[in-house]
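Student: Structure here, sequence nowhere to be found:
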């Protein structure tokens, strides 16, 4: 076993003495040592139950003949970090999580790993670590939150909460109405109840083959989540026995499957950052062009919040991710020969799976749209591409042209929106918020929610080299590459320039001549970095562009 270097023979006597100091017995050290990477903390609602998940995982490991050894991973709550400097620290934790987990796993030579994440950057960070370490690994997440219920019986969620703030500033909602959303939007523990980034990544962890069925959709508060965790603990012992490793599962074909399922589910645009970053750790390059190729042939089957009025608990009752996959298989859109963490192929996993609710998961012959939930646009404003969640864009905004309203940071933009200075037809441009320029590539949920809450989501577009929350809806176009801080054309846009957006034709155009842009470029000077010390300063020096997954180089 891999752990023999710390548990077997005379040279390992000092190592064993330290393990005995922890209370492990000789008998326990003769079994495979399984690292249990638990992201429990007391600040993220999606993580407050992970101590229970971890105990269930450890029970499963012991039942199957292994010795569990728990250690922590950090996690940031994007919702709590939203709207202030804290959001600069969200995306960057993905690499901290990957680095620290790699360090712990390599330093202690575990035979296998069980990853217990739940929220936005925690899931991809641990997937990146799994790819690097490449010992048998399985994922079991904390599960999604249940949808909230308003006083009139209607259901609600976090995206409604953020939009309620915009409604308040627009005079459409009073303080008591705002407080009602506060008290009802997030009723339980778990990752927020729509198809936001956390749930998108947990579903894709299941889709790519690194988690058991139900990992993306069984609600956090259901006892079935504990049973799933116990089965994950048992299954890691099978993976160790058969030596099935992450890179055996996360192949190029598996990533293409994941992108296909992403398009069908209508996942967060953040998946266009995370899937390439995870693939990069596997030695695989995923391009924006491939995403568009997959989107072009993949129907969008789900409209979960914020795109529609269904939630993760509804997707679970309809059959979950596997039911979506079963629809895609009918059209020959998935490679079902691939091995998964079950030790079986996708084809074997999908035997007997049915779509139990055609309102939640549209049949393949009756999709919401014939193309996927995400589109990549290119043009002179974004030569290397930018991303939009087209499944959450109103039909009126699929094609739009308007004057640029230019802001060099999110804070200035949100002030203008709240002050009523943005009007129908405008194209809000927020720049110097990319991976390098932010630094940290903040999510723009506050400005997009303000626009939606004010009733302008069918009249105003927002373009940024930053990114968006999975809770964002509307013509919100992010990941503009190259970013402004790297000399991208978005840094050359001036107030009043006309910008044309054509999502069906995958184009975004700054209607300014090449000659004028050349004159502007000759005068352009990159602003001084906003943050010059600490981790963010180091991150800015190492991070790649968004179209490459914002990986560290």
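Tutor: Yep, that arrived. Bear in mind that the values here come from a model prediction, so they are computed numbers and not experimental data.
Student: A strand includes residue 376, no?
Tutor: Yes - assessed with DSSP: H, G, I helix; E, B strand; the rest coil, residue 376 lies in a strand.
Student: State the distance from residue 340 to residue 320.
Tutor: Remark: distance between residue 340 and residue 320 (Cβ to Cβ, to the nearest Å) = 15 Å. From N, CA and C alone the C-beta is placed, and that goes for glycine too.
Student: Next up, the contacts around the residue most central in space within the chain.
Tutor: Nearest to the mean C-alpha position of the chain, by Cα atoms, centre = their mean, lies residue 197 at 3.5 Å. Contact analysis of residue 197 by Cβ atoms under 8 Å, 6 or more residues apart in numbering lists 78, 120, 268, 270-271, 469-470.
Student: Against residue 15, how distant is it?
Tutor: From residue 197 to residue 15 the distance is 40 Å (Cβ to Cβ).
Student: Please apply the same query to residue 421.
Tutor: For residue 421 relative to residue 15 (Cβ to Cβ), the value is 64 Å.
Student: ok, back up a step: and the residue nearest to the centre of the chain, its phi and psi?
Tutor: Dihedral angles of residue 197 (phi, psi; degrees, to the nearest 10) stand at phi -60, psi -40.
Student: Pull up the per-residue confidence for it.
Tutor: Among the per-residue scores, residue 197 holds a pLDDT of 96.
Student: sorry, back to before: looking at residue 421 and residue 15, which is more packed in?
Tutor: A count of neighbours by other Cβ atoms under 10 Å puts residue 15 above the other of residue 421 and residue 15, at 18 against 11.
Student: Quick check: chain neighbours aside, which residue is closest to the more buried one?
Tutor: residue 6 (4.1 Å; Cβ to Cβ, 6 or more residues apart in numbering).
Student: Likewise for residue 400?
Tutor: residue 501 (4.7 Å).
Student: tell me which residues of stretch 224-237 are tucked away?
Tutor: Across stretch 224-237, burial judged by 16 or more other Cβ atoms under 10 Å covers 225-226, 228-237.
Student: typed the wrong thing, it's stretch 282-293
Tutor: 282, 284, 286, 288, 290-292.
Student: Likewise for stretch 335-350?
Tutor: Buried-residue list, stretch 335-350, by 16+ other Cβ under 10 Å: 335, 338-342, 346, 349-350.
Student: Mind naming the longest helix for the chain?
Tutor: helix 223-242 (DSSP state H).
Student: Give the rounded mean pLDDT of that one.
Tutor: So the average pLDDT for helix 223-242 ends up being 98.
Student: any residues touching it, and which ones?
Tutor: Contacts of helix 223-242 (Cβ under 8 Å, 6+ apart): 32, 34, 52-54, 56-66, 68, 111-114, 116, 136-140, 142-143, 211-212, 214-215, 218-219, 245, 341-343.
Student: quick one: the strands in the stretch 51-200 of the chain?
Tutor: 67-72, 112-116, 137-139, 148-149, 155-156 (DSSP state E, counting those that start in this stretch).
Student: Note down every partner strand of the longest one and its orientation.
Tutor: Each strand paired with strand 67-72, and its direction, by DSSP bridges: strand 33-38 (parallel).
Student: what's the answer for the second one, then?
Tutor: For strand 112-116, the paired strands and their directions (DSSP bridges) read strand 33-38 (parallel), strand 137-139 (parallel).
Student: can you give me the helices in the stretch 151-300 of the chain?
Tutor: According to DSSP state H, counting those that start in this stretch, the stretch 151-300 of the chain carries its helices in the segments 158-169, 175-184, 197-207, 223-242, 246-249, 252-265, 271-281, 288-297.
Student: What is the lowest-mean-pLDDT helix or strand in the chain packed up against?
Tutor: Using mean pLDDT, DSSP states H and E, helix 445-453 stands out as the lowest-scoring helix or strand of the chain, at a mean of 90. Counting contacts by 3 or more Cβ pairs under 8 Å, 6 or more residues apart in numbering; DSSP states H and E, helix 445-453 is packed against helix 158-169, helix 410-418, strand 427-430, strand 461-464.
Student: Just want the angle from the longest helix of the chain to strand 67-72.
Tutor: 120 degrees (axes from the mean of the first three to the mean of the last three Cα atoms, to 10 degrees).
Student: now helix 223-242, how far from the centre of its chain.
Tutor: Taking Cα atoms, centre = their mean, to the nearest Å, one finds the center of helix 223-242 at 24 Å from the center of the full chain.
Student: can you check stretch 53-73 too?
Tutor: 26 Å.
Student: Can you give me the buried ones in it?
Tutor: Neighbour-count burial for stretch 53-73 [16+ other Cβ under 10 Å]: 53-62, 64, 66-70, 72-73.
Student: and what of stretch 212-228?
Tutor: 212-222, 225-226, 228.
Student: with those residues in mind, which one is nearest to residue 325?
Tutor: For the buried residues of stretch 212-228, the closest approach to residue 325 (Cβ to Cβ) belongs to residue 213, at 9.9 Å.
Student: so what's that closest one scoring on pLDDT?
Tutor: On the pLDDT scale, residue 213 gets 98.
Student: Pretty sure it sits against residue 320.
Tutor: Yes - with contact defined as Cβ atoms under 8 Å, residue 213 counts as touching residue 320 (6.7 Å).
Student: Find residues that contact each of those two.
Tutor: Common neighbours of residue 213 and residue 320 are listed as residue 206 (criterion: Cβ under 8 Å, 6+ apart).
Student: which non-adjacent residue is nearest residue 539?
Tutor: Residue 539's closest residue in space is residue 92 (Cβ to Cβ, 6+ apart), at 5.0 Å.
Student: Neighbours of residue 11, how many?
Tutor: Neighbour number of residue 11 under other Cβ under 10 Å is 9.
Student: for residue 357, same thing?
Tutor: Counted with other Cβ under 10 Å, residue 357 comes out at 14.
Student: Return the distance of it relative to residue 324.
Tutor: 11 Å.
Student: before we move on, the earlier item: out of the buried residues of stretch 224-237, which comes closest to residue 316?
Tutor: Nearest to residue 316 among those, with distances taken as Cβ to Cβ, is residue 225, at 10.4 Å.
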